[in-house]
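Engineer: Mind looking at a prediction? Sequence and model below.
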Amino acid sequence: QLWKSSLQGLGFSGPVVGPDGTIYVGTDLGDVYALDPDTGDLEWSLKVAAKTIYGAPLIHGSFLYVGSWDRALYAVRLAP
């Protein structure tokens, strides 16, 4: 085991890896976490939904897309 990262809330899906290696995961609290791939350290977190994020986030271009139990799709612009 290289590292372990403890997050607030439960993750119901697998993480997704961005083009720069950053790992993104959503939780049942509606938060998305961005983790450093080498250390597992939190790079940033953002509350994007009022309800559970069940599916894995999707990255396309410079956007991270997150679907939520509240039947909404959220788009977050990633830093260049």
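Structural biologist: Structure's in. What do you need? Residues are numbered from 1 along each chain as shown.
Engineer: correct me, but Ala49 touches Leu73?
Structural biologist: No: assessed by C-beta atoms under 8 Å, Ala49 is found out of contact with Leu73, at 9.7 Å. Using the backbone N, CA and C atoms, a C-beta is placed for each residue, glycine as well.
Engineer: Now for those two: what residues contact both?
Structural biologist: Residues touching both Ala49 and Leu73 (C-beta atoms under 8 Å, 6 or more residues apart in numbering) are Val66.
Engineer: Tell me which of these two has more neighbours.
Structural biologist: Taking neighbours as other C-beta atoms under 10 Å, Ala49 and Leu73 compare with Ala49 leading, 22 against 10.
Engineer: now that one, what's its secondary structure?
Structural biologist: Following DSSP: H, G, I helix; E, B strand; the rest coil, we place Ala49 in the coil state.
Engineer: how much space between it and Thr39?
Structural biologist: Here the distance between Ala49 and Thr39 works out to 27 Å (C-beta to C-beta, to the nearest Å).
Engineer: what do you get for His60?
Structural biologist: 26 Å.
Engineer: So the two - more neighbours on which side?
Structural biologist: Thr39 (11 against 8).
Engineer: need the contact list for that one.
Structural biologist: Trp3.
Engineer: where does it fall, phi/psi-wise?
Structural biologist: Dihedral pair for Thr39: phi -120, psi -20, per degrees, to the nearest 10.
Engineer: can I get the CA coordinates of stretch 29-36 in PDB?
Structural biologist: C-alpha atoms of stretch 29-36 as PDB (Å, rounded to 0.1, in the frame of the first residue of the first chain):
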ATOM      1  CA  LEU A  29     -22.500  14.000   0.700                       C
ATOM      2  CA  GLY A  30     -22.400  15.600  -2.800                       C
ATOM      3  CA  ASP A  31     -18.700  16.400  -2.600                       C
ATOM      4  CA  VAL A  32     -16.000  15.900  -5.200                       C
ATOM      5  CA  TYR A  33     -12.400  15.400  -4.000                       C
ATOM      6  CA  ALA A  34      -9.300  15.800  -6.000                       C
ATOM      7  CA  LEU A  35      -6.300  13.800  -4.700                       C
ATOM      8  CA  ASP A  36      -2.600  13.900  -5.500                       C
END
